[in-house]
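>>> What would the 3D arrangement of this be:
(chains A, B and C)
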Amino acid sequence: MTNLFILQLMNGLQFGVLLFLIAAGLTLIFGIMDFVNLAHGVLYMVGGYLMATFVALTGSFTMGLLLALPTALVVGLALEYLVIRKLYHRSHLDQVLATFGLLMIITEGVKILWGSSPLSVPIPPLLDGAIPLIGQVKYPIYRLAIIATGLAAAAGLYLIVNHTRIGMLLRAGATNRNMVAALGVNISRLFRLVFAFGVMLACFAGMMVAPILSVDTGMGESILILTFVVVVIGGIGSIRGAFLGALLVATVDTLGGTFGPILLRMVFDPATASQVGRTLAPMLVYILMAIILFAKPAGLFGRKPV
Amino acid sequence: MSGLSVRNLNKSYGALRVTHDLSLDIHPGELHAIIGPNGAGKTTLITQLSGQSPSDSGEILFDGRDIMRLSMPERVHLGLARSFQITSILPKFTVLENVALAVQAKDGSSFRFFRAVAQEARLNARAMEFLAQVSLDQSADLPASALSHGDHRRLELAMALASEPKLLLLDEPLAGTGGQDAEALVDLLAAQKGRITIVLIEHDMGAVFSLADRISVLVYGEIIATGTPEEIRNNAAVRAAYLGDEEAEEIPC
Amino acid sequence: MSDMTTPPTTRPAPRLRGRTKAALVLFVLAALLPVFAWATNDPYLVVIGTRILAYAIAAMALDLILGYGAMVSFGHAAYLGFGAYAVAVLSRHGVTDITLHLLAGISLSAVFALITGWISLRTRGIYFIMITLAFGQMAYFFFVSLSSYGGDDGVTLDARSTVLGQPWLENDQVLYYTALALLIGLFTLCARIVTSRFGRVLTGTRENTTRIEALGFAPFRYQLTAFVISACMTSVAGVMLANQAEFISPAFMSWHVSGELIVMVVLGGIGNLTGAIGGAFLALMLEELLNIFTEHWKLFFGVILVLVVLYSPDGISGLLRKLKLGGEK
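Numbering: from 1, shown residues only, chains lettered A, B, ... in the order given. Okay, the predicted model is just below:
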């Protein structure tokens, strides 16, 4: 039981850092540009496909990653240039529609380019296998690597946001957009940078997760909504909120699925417990969101919506 | 007609204290002007009194009733209405619809779903009366967005009046107007004098000194003087506060 | 100075008149469709037609809050699902009457909309969009987990809903006209609501929330009421959709469907009810047509969507208006 708990906690952590990578870009795009991007989750999928392609092409995980990352950045820049930048001054509704259209285009485009059968990426040999964690609990090295990378990325983002000039602008922009404009910063360049960087982060998450999931066109689906929940819980525009929200959502989602039924069995008979558990588990995250928002409509670290 | 009593009102934006231990008495039926240099916190005070933004601490009594915790709509229902410095209307509604909506707020429930509101003769007739008061009745069927700036100010005033307040907070009703428009608006306010209590924020000193029964001077979130126009005109502290300010020259001697 | 003894007391809402006219044309055409299908010996038209009518109800219901209240609800597919599952679940337990199906769908939607609307409407803008989206997804997962009703795979109806104990709806034409009657009825209701006192306040919140508050209205109450009304109407569409497809799955309530509903409203032109009906027709026909030419119809649909947003923000009715103006010159 304890072992299972530790394992699931680690899985939750691993899922959490992935969610964070996606949510970080999204929360910045939302917060700084006041821009709704429904296509963000799809980019996570694109990351997976890029990785699968480049790894297959080069035969090396590292080379694949090194090629996939800049490609992701180019994808982000291209999207920004072609569509997104024309939408900054439009209503949220227009943004929703256009990015919904983008989502359709990208999903179908991927299907056309790569076919609809799932791709897989081998785990790099160096990171294959498992190591003992505590006592007899073993944990796959690759998943540990994901956690480490994700945490490193979070730390890096934290440093950028809190200790650089760009970060200062980002924080200012999330609080008061007009102020940044008043500082004489080239807003459109800042936006392009943030958007492309956000895209790259989401793609990066897809690349990291490619070896442990099958890469298919559905992988961006459910995670997008979870990312939204993370962003909303954490407070739009807050990196810190995104980090906390991601860990919270991932832990609740992972542990709820496993331990919900176990806990329920104390109250109900096994059959009922299993049905109730299966019903409640995927809803837990949303219930959590509802409770947090009821108490704090702007999320944990959000500024009050004006 | 109602009075307003403000005690030790505070509001800060971060480290910036915009309203500082402010106390003020508005007597029932008077036209009380609040003047002060730019950035003194006049509009902030209006937002606090009207309930648009919350106060940090203090007490606001309206007819002896504590209204600190009430929302803006709740205060409007008690009879405390306001106008906006920057014209705030419903641009796609017609002029008449704008005012009729204000009338509707005072006229029974708005949770009526089936009858066409445009057919409600009583609402329209009442709205036309208020439009006539501000001489906008000829423009009743125009979209509000089509009006000139001067007419926007009139509409703004008509909507405030149509709320039939006991006390009206007017935030620079003359803002951006001049010449005939301004004169007409001053006449309009003069006509309201004695019918409702009015708190008037205005930069046009000529208008203030001709209309006001009493004047309070707000500087850095504090009232430095309250008195009749005569007293304010001769108050040394007021002249000092306005020294160097272009409005000082406007204070009619 | 106008003569105050004869104030202009009643005024028609000229814009709605034109739209009502357009809606009438649409309804007449719709009423003739089964005849056309019979003449051309193409019964499939009636099947598609019923689907379009059901979506038209949903899109129109969404327009009530999206177009008149500026609430971008991205979770409306949930209510479509509630209506559909009301049919499936009650039928399974022997309750086949359509009135009871409608009642169950509407009640469930009202409760869910009241609770989630209460939470969502405390927020604005992006928050509102994402929270409604998340709640919609929550409802989706609920039905995915209901393995006794097919879970992910959905459930096939043994029979359509009954009317007064009679299986009249088994006839496709009857089902079609029932859907049309519901659409016309709900359109009339919506048209009444938006021109009523309530509608004027609601439209006011769209235009200028602060002003509405300053006039003494608490926007929240009006927005929440409209949100619940819209949800209930959407569930009616769900009941019809379930009967048309005779199959219900969580896919009915996926967030893509919510997105498609918004697309319909905007494609047809937002904030005039008729546009939403036209939009539903347009979107579904486009889908059918593209589907004939390519299995990757979504790609083209997406491109069209992006182009419409970038170049004709007022949707088709905006485009028509532009063309009309151009023609008059």
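>>> Next, count neighbours for the nearest residue to A:R278 once chain neighbours are set aside.
Nearest residue to A:R278, sequence neighbours excluded (CB to CB, 6 or more residues apart in numbering or on different chains): C:S145, at 4.7 Å. C-betas here are computed from N, CA, C, even on glycine. Applying other CB atoms under 10 Å in any protein chain shown, we find 20 other residues in the vicinity of C:S145.
>>> just C:A276 next, same as before
Neighbours of C:A276 (other CB under 10 Å): 34.
>>> Likewise for B:V186?
B:V186 has 20 nearby residues by other CB under 10 Å.
>>> residues contacting it?
Listed by CB atoms under 8 Å, 6 or more residues apart in numbering or on different chains, the contact set of B:V186 reads B:174, B:207, B:210-211.
>>> counting contacts, what elements does the strand or helix carrying C:V89 pack onto?
Here C:V89 sits within helix C:77-92, counting by DSSP states H and E. When contacts are defined as 3 or more CB pairs under 8 Å, 6 or more residues apart in numbering or on different chains; DSSP states H and E, helix C:77-92 sits against helix C:44-69, helix C:98-120, helix C:125-145, helix C:219-245, strand C:247-248, helix C:255-268.
>>> of these, which approaches A:V194 most closely?
helix C:125-145 (15.4 Å; CB to CB).
>>> and the next element down the chain from the closest one?
strand C:155-156.
>>> What's the mean pLDDT across that following strand?
For strand C:155-156, the mean pLDDT works out to 92.
>>> Show me which positions of stretch A:155-164 end up buried.
By 16 or more other CB atoms under 10 Å in any protein chain shown, the buried positions in stretch A:155-164 come out as A:157, A:161.
>>> Name the surrounding residues that touch it.
Under the criterion CB under 8 Å, 6+ apart, residues A:24, A:166-167, A:170-171, A:239-240 lie in contact with stretch A:155-164.
>>> If we use 10 Å, what do you get?
With contacts defined as CB atoms under 10 Å, 6 or more residues apart in numbering or on different chains, stretch A:155-164 is touched by A:20-21, A:24-25, A:28, A:166-171, A:174, A:197, A:201, A:238-240, A:242-243.
>>> same thing with stretch A:68-77?
Stretch A:68-77 is contacted from outside by A:25, A:43, A:46-55, A:58, A:84, A:106, A:192-204, A:206-207, A:210, using CB under 10 Å, 6+ apart.
>>> ok now do the residue in the stretch 151-300 of chain C that chain B sits nearest to, which residues does it touch?
Of all residues in the stretch 151-300 of chain C, C:G216 sits closest to chain B, at 3.4 Å by CB to the nearest CB. Each residue near C:G216 by CB under 10 Å, 6+ apart is listed here: B:72-81, B:101-102, B:104-106, B:110, B:163, B:165.
>>> Using PyMOL, make a named selection holding only the buried ones among those residues.
A single PyMOL command selects the buried members of the contacts of C:G216 (16+ other CB under 10 Å):
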select buried, chain B and resi 72+73+75+76+77+78+79+80+81+101+102+104+105+106+110+163+165
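>>> least trustworthy helix or strand in chain C by mean pLDDT?
helix C:315-328 (a mean of 59; mean pLDDT, DSSP states H and E).
>>> Verify the stated contact: B:D171 with B:L45.
Yes: using CB atoms under 10 Å, B:D171 is in contact with B:L45, at 9.5 Å.
>>> Looking at the two, which has the bigger crowd around it?
Between B:D171 and B:L45, B:L45 has the larger neighbour count (other CB under 10 Å), namely 28 against 24.
>>> tally of neighbours for C:T156?
12.
>>> what residue ranges in chain C score low on pLDDT?
Scanning chain C for pLDDT under 70 picks out the ranges C:1-17, C:313-329.
>>> What residues does the residue most central in space within it make contact with?
Nearest to the geometric centre of chain C sits C:A58, at 1.7 Å (CA atoms, centre = their mean). With contact taken as CB under 10 Å, 6+ apart, C:A58 is in contact with C:76-77, C:79-80, C:83, C:230, C:233-238, C:240-241, C:257-258, C:260-261, C:264-265, C:276, C:280.
>>> What sits closest to it if chain neighbours are left out?
In space, C:A58 is closest to C:A237, 3.8 Å off (CB to CB, 6+ apart).
>>> For the nearest residue to B:H77 once chain neighbours are set aside, which three-state class applies?
Leaving aside its chain neighbours, B:H77 sits nearest to C:G216 (5.4 Å; criterion: CB to CB, 6+ apart). Under DSSP: H, G, I helix; E, B strand; the rest coil, the three-state class of C:G216 is coil.
>>> next one: phi and psi at C:G216?
Dihedral pair for C:G216: phi 100, psi 10, per degrees, to the nearest 10.
>>> distance of the closest residue to C:V163 other than its chain neighbours from C:A59?
Nearest non-adjacent residue to C:V163, counting by CB to CB, 6+ apart: C:I98, 5.5 Å away. Per CB to CB, to the nearest Å, C:I98 is found 22 Å from C:A59.
>>> do the same with C:S148
31 Å.
>>> Looking at those two, which one has more neighbours?
For C:S148 versus C:A59, neighbours defined as other CB under 10 Å are more numerous around C:A59 (33 against 9).
>>> got any ranges where the stretch 51-200 of chain A has weak pLDDT?
Ranges of the stretch 51-200 of chain A meeting pLDDT under 70: A:174-181.
>>> one step back: from the contacts of stretch A:68-77, which ones fall inside helices?
Using DSSP state H, the members of the contacts of stretch A:68-77 that fall within helices are A:25, A:43, A:46-55, A:58, A:106, A:192-204, A:206-207.
>>> For PyMOL, what selects the buried ones among those?
Of the ones in helices among the contacts of stretch A:68-77, the buried ones go into a single PyMOL selection, burial set by 16+ other CB under 10 Å:
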select buried, chain A and resi 25+43+46+47+48+49+50+51+52+53+54+55+106+192+193+194+195+196+197+198+199+200+201+202+203+204+206+207
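>>> which ones are touching the residue nearest to C:A58?
C:A237 makes contacts with C:53-62, C:76, C:79-80, C:83-84, C:105, C:179, C:182-183, C:186, C:261, C:280, as judged by CB under 10 Å, 6+ apart.
>>> tell me the SS of B:L22?
Following three-state DSSP, the label given to B:L22 is strand.
>>> Which residues of the stretch 1-150 of chain C lie near chain A?
Applying CB under 10 Å from any CB of the partner chain, we find that the stretch 1-150 of chain C lies next to chain A at C:66-67, C:70, C:72, C:74, C:115-116, C:118-131, C:133-148.
>>> surely B:L131 meets B:L142?
No: look at B:L131 against B:L142 with CB under 10 Å: they stay out of range, at 11.1 Å.
>>> Give me the common contacts of those two.
B:95-96.
>>> more neighbours, these two?
Higher neighbour count among B:L131 and B:L142: B:L131, with 27 against 14, using other CB under 10 Å.
>>> ok, the more buried one to chain A distance?
Per CB to the nearest CB, to the nearest Å, B:L131 is found 32 Å from chain A.
>>> From B:G51, how far off is B:T43?
Taken as CB to CB, the span from B:T43 to B:G51 is 14 Å.
>>> Mind jotting down where the helices sit in chain A?
Secondary structure of chain A (DSSP H): helices at A:2-33, A:40-58, A:61-82, A:92-114, A:141-163, A:165-175, A:177-182, A:187-209, A:221-234, A:239-264, A:270-295.
>>> can you tell me which residues contact A:R171?
A:31-32, A:161-162, A:180, A:237-239.
>>> what do you get if the cut-off is 7 Å, keeping everything else the same?
A:R171 makes contact with A:V161, according to CB atoms under 7 Å, 6 or more residues apart in numbering or on different chains.
>>> Let me see the domain layout of chain B.
B:1-79+B:165-253, B:89-163 (automatic domain parsing).
>>> and those as CSV, adding mean pLDDT?
Shown next, in CSV, are the domains of chain B (pLDDT from 0 to 100):
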stretch, mean pLDDT
domain B:1-79+B:165-253, 89
domain B:89-163, 93
